[in-house]
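Student: can't give you the sequence, but here's the structure:
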């Protein structure tokens, strides 16, 4: 680990650039090249996120989900009995396109 957020940011930017090149030049035969670029990008993202938090106590405003993310876990949370339809989080202000 770099222990320097600036170095981690530079590595993340380089990983984005390498991923772009891999995507733009990919053929069906290059799936391993693209997969390697994706893994490098993922690792660089997590390293940068970790370095920001370690150095400054700040997290990035978004997270990446693991490949083994199970959507069934969300359904269990949605069925929580403590859900209150009248809470401030309701969609009362939502306007449907058909309205």
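Tutor: Yep, that arrived. From a predicted model like this one, the values you see are computed outputs, not experimental measurements.
Student: C-alpha only now, for contacts and for neighbours.
Tutor: OK.
Student: Which stretches in the protein count as helices?
Tutor: Along the chain, the segments classed as helices by DSSP state H run 5-24, 31-56, 71-78.
Student: Any chance of TSV for these, columns mean neighbour count and distance to residue 62?
Tutor: Shown next, in TSV, are the helices of the chain (neighbours: other C-alpha atoms under 10 Å; distance: least, C-alpha to C-alpha, whole Å):
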stretch	mean neighbour count	distance to residue 62
helix 5-24	17	15
helix 31-56	17	10
helix 71-78	10	17
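Student: Out of those helices, which is closest to residue 64?
Tutor: Closest to residue 64 of the helices of the chain, according to C-alpha to C-alpha: helix 31-56, at 8.3 Å.
Student: Taking helix 5-24 as reference, get the angle to that closest one.
Tutor: Between helix 31-56 and helix 5-24, the angle comes out at 160 degrees (axes from the mean of the first three to the mean of the last three C-alpha atoms, to 10 degrees).
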